[in-house]
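*Asks:* Sequence and predicted structure, then a few things I'm wondering about:
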Amino acid sequence: MAVLGIMGFVVLLLVNGYGFRIIKSSLNGSNELPNFNQWLEMLKNGAKILIVGIVYLIPIAIFTLIFYEYYFGYTVAGMLVGSPLAILTSIIDHISISFLQSKLFHILTVKDFSLIIVLAYYIIIIPIYYVTIANLANNGGKLRKAFNLGEILEKTRKIGFKKISIFYLIIIPVLVASWLKNLNLVYLIVLTLIVSSYLKIFLSMFVGLIYIDTIQKEI
């Protein structure tokens, strides 16, 4: 079990590192996928992305632990993969399934105000998080550039809501794949893998392109 856990963690770092490479390639004006090689470099960059994700999720992790421990597990899981989007998708999936099963009332009567805060945090932090990764890639992977909040917020503002809204649209196919739990297991696995893989590639390229477009407008 421990070996599988380590292998899974290494794969996670490689996936994050490759996403980072796609963003960096898009920043350089390339429309083609980069090579999946130089694994050590990808592991290093994947670790940086993981650190960024953990830091961005610390505030909401503390909040959920104190006020809404029901969703603390989702936050911890998201911290382990360094992706706020993964957590938001999981929470929306849980709420929607509960709604279909007429259990939403029970969820909202627990601490509905806290749930609104949790969802609002993820909705706000997702575009900021991806702009942060792009800023990191555009500055030679210097980790300190990922936490220059003033610069990142300014770039997020310049990108604008219309472009940023695409981040939320990609949640839809992920949720659809998740809702198909009653389908044949093999079909579900294949569907999830394909949807997830293409979405990660698309999202990484999109992040790089809208970021470099914003930079070019500043020049």
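*Replies:* Thanks, I have it. Note that the coordinates shown come from a computational prediction; the quantities given were computed from them, not determined experimentally.
*Asks:* Tell me the buried residues in stretch 3-15?
*Replies:* Residues of stretch 3-15 classed as buried: L12, L13, L14, V15 (neighbour count, 16 or more other CB atoms under 10 Å). All C-beta spots, glycine's among them, are computed from the backbone N, C-alpha and C.
*Asks:* wait, stretch 116-130
*Replies:* Neighbour counts over stretch 116-130 (16+ other CB under 10 Å) mark V118, Y121, Y122, I125, I126, P127, I128, Y129, Y130 as buried.
*Asks:* that older thread, filter the buried residues of stretch 3-15 down to the ones in helices?
*Replies:* Those of these mapping onto helices are L12, L13, L14, V15, per DSSP state H.
*Asks:* Dump those to a markdown table, plus pLDDT and distance to F36.
*Replies:* Putting those into a markdown table (pLDDT from 0 to 100; distance: CB to CB, whole Å) gives the following:
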| residue | pLDDT | distance to F36 |
| --- | --- | --- |
| L12 | 78 | 15 |
| L13 | 83 | 13 |
| L14 | 85 | 8 |
| V15 | 83 | 10 |
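*Asks:* circling back to that earlier point, so which of the buried residues of stretch 116-130 are in helices?
*Replies:* V118, Y121, Y122, I125, I126, P127, I128, Y129, Y130.
*Asks:* ok so, going back, what's the closest of the buried residues of stretch 3-15 to G140?
*Replies:* Nearest to G140 among the buried residues of stretch 3-15 is L13, at 19.1 Å by CB to CB.
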